[in-house]
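1. predicted model and sequence below, questions to follow.
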There are 2 protein chains.
Amino acid sequence: MEPPERFVLRPIGRVESPLTDRAAAPRQGHEGSPDAVVVLDDDVAEAARDLVVGADAIVLTWLDRADRGVLLTRPRDDPARPPTGVFSTRSPDRPNPVGLHRVRIRSIDGTRIGVADLEALDGTPVIDVKAVLDLPGDH
Amino acid sequence: MEPPERFVLRPIGRVESPLTDRAAAPRQGHEGSPDAVVVLDDDVAEAARDLVVGADAIVLTWLDRADRGVLLTRPRDDPARPPTGVFSTRSPDRPNPVGLHRVRIRSIDGTRIGVADLEALDGTPVIDVKAVLDLPGDH
């Protein structure tokens, strides 16, 4: 039997945020996240050189405090709601805890990208930044 | 010195698609991808139990044929365009080649989820399925 297949991510940076407590964090960025900074590693600076203040971007994070064994969850931790398969939610608890965040770029200072609407906790590893596609079928 | 930090993803399924050639694949799902099937592993079936035909979903894939050393790319492989930092693009070539796809669910047959608008190549590993949030600040 072959060993199970695995893929290895490397952090490309880190979130700096006043949010430090999962229980107190907003569930989604538009629910009032404080401004945060995506601090990129120097060795990926070139990949970030065309980011623009005022534009939106997609940030992927590694939700390192998630429970990867969870398949069913109650949305928004609301005990009145029925357990729901995690693939129908945005719960951080899921087999591969990749966080998906649409943010607005507020400032750029070298590899420090100031953003609005990023609900990740302080210290959360960043694994990717992508363009937003404002087109039909956008992601 | 500490060893570099790494995060390990496990495939949770696989794309079945008539698309087999990266050069011929559409750049984005809305540009005419054929229907595809996300075939989930049996051990995550419970996480998928609340997916619904007709709904949109976000699928994350592992773009296993990408070049992870690329930091600058020409959008759409167009030689007339200047090299652009990959974090301002959707190029599969980037340090962590996670693909982000908004799809529409066309059919559900056990762990076989038929979808429209998935531009991934046949055999591409699937790493996550998430809810679409149709709200301001949606991802």
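-> It's in. A quick note: this is a predicted structure, and the numbers were derived from the prediction, not measured. Residues are numbered from 1 along each chain as shown, chains lettered A, B, ... in the order given.

2. hey, let's count contacts and neighbours off CA atoms from now on
-> OK.

3. got the confidence number for the nearest residue to A:R68 once chain neighbours are set aside?
-> Distances taken as C-alpha to C-alpha, 6 or more residues apart in numbering or on different chains place A:P95 nearest to A:R68, at 4.5 Å, with adjacent residues excluded. pLDDT, A:P95: 98.

4. the longest strand out of those in chain A and chain B, are they touching?
-> The longest strand of chain A (DSSP state E) is strand A:98-109. Yes: with C-alpha under 8 Å from any C-alpha of the partner chain as the criterion, chain B is reached by strand A:98-109 at A:V98, A:L100, A:H101, A:R102, A:V103.

5. mind putting the residues you listed into JSON lines with pLDDT?
-> Formatted as JSON lines, these follow (pLDDT from 0 to 100):
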{"residue": "A:V98", "pLDDT": "98"}
{"residue": "A:L100", "pLDDT": "97"}
{"residue": "A:H101", "pLDDT": "95"}
{"residue": "A:R102", "pLDDT": "94"}
{"residue": "A:V103", "pLDDT": "95"}
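
6. format those as JSON lines; extra columns: distance to B:I127 and neighbour count.
-> What follows is these, written out as JSON lines (distance: C-alpha to C-alpha, whole Å; neighbours: other C-alpha atoms under 10 Å in any protein chain shown):
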{"residue": "A:V98", "distance to B:I127": "9", "neighbour count": "24"}
{"residue": "A:L100", "distance to B:I127": "13", "neighbour count": "26"}
{"residue": "A:H101", "distance to B:I127": "17", "neighbour count": "22"}
{"residue": "A:R102", "distance to B:I127": "19", "neighbour count": "25"}
{"residue": "A:V103", "distance to B:I127": "22", "neighbour count": "25"}
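
7. closest to A:S33 out of the residues you listed?
-> A:V103 (10.4 Å; C-alpha to C-alpha).

8. right, and that closest one touches A:G54 too?
-> No: the pair A:V103 / A:G54 is not scored as a contact, 10.0 Å apart, by C-alpha atoms under 8 Å.

9. low pLDDT regions in chain A?
-> A:1, A:22-32, A:134-139 (pLDDT under 70).

10. give me that answer again for 50
-> A:136-139 (pLDDT under 50).

11. give the closest residue to A:P125 in space, chain neighbours not counted.
-> Nearest one to A:P125, counting by C-alpha to C-alpha, 6+ apart, is A:R14 at 4.5 Å.

12. strand partners of the helix or strand that contains that neighbour, parallel vs antiparallel please.
-> Using DSSP states H and E, A:R14 maps to strand A:13-16. Here strand A:13-16 is paired, per DSSP bridges, with strand A:36-40 (antiparallel), strand A:125-131 (antiparallel).

13. ok, residues contacting the last one?
-> Okay, so that is strand A:125-131. A:9-15, A:38, A:40, A:56-64, B:86-90, B:95-96, B:98 (C-alpha atoms under 8 Å, 6 or more residues apart in numbering or on different chains).

14. repeat that for the first one.
-> Counting by C-alpha under 8 Å, 6+ apart, the neighbours of strand A:36-40 from elsewhere in the structure are A:12-18, A:111-116, A:118, A:126.

15. identify the residues contacting A:I105.
-> Taking C-alpha under 8 Å, 6+ apart, one finds A:V52, A:V53, A:G54, A:A55, A:D56, A:A57, A:I113, A:G114, A:V115, A:A116 in contact with A:I105.

16. that one and chain B, how far apart?
-> 12 Å (C-alpha to the nearest C-alpha, to the nearest Å).

17. host element of the closest residue to that residue other than its chain neighbours?
-> For A:I105, ignoring the flanking residues on the chain, the nearest one in space by C-alpha to C-alpha, 6+ apart is A:V115 at 4.5 Å. Assigned by DSSP H and E, A:V115 belongs to strand A:112-116.

18. from A:V115, how far out is A:N96?
-> Here the criterion is C-alpha to C-alpha, to the nearest Å. By it, A:N96 lies 24 Å from A:V115.

19. may I have the beta-bridge partners of A:S107?
-> A:G114.

20. surely it and A:V115 touch.
-> Yes: A:S107 is within contact range of A:V115, at 7.0 Å (criterion: C-alpha under 8 Å).

21. noted, bye for now.
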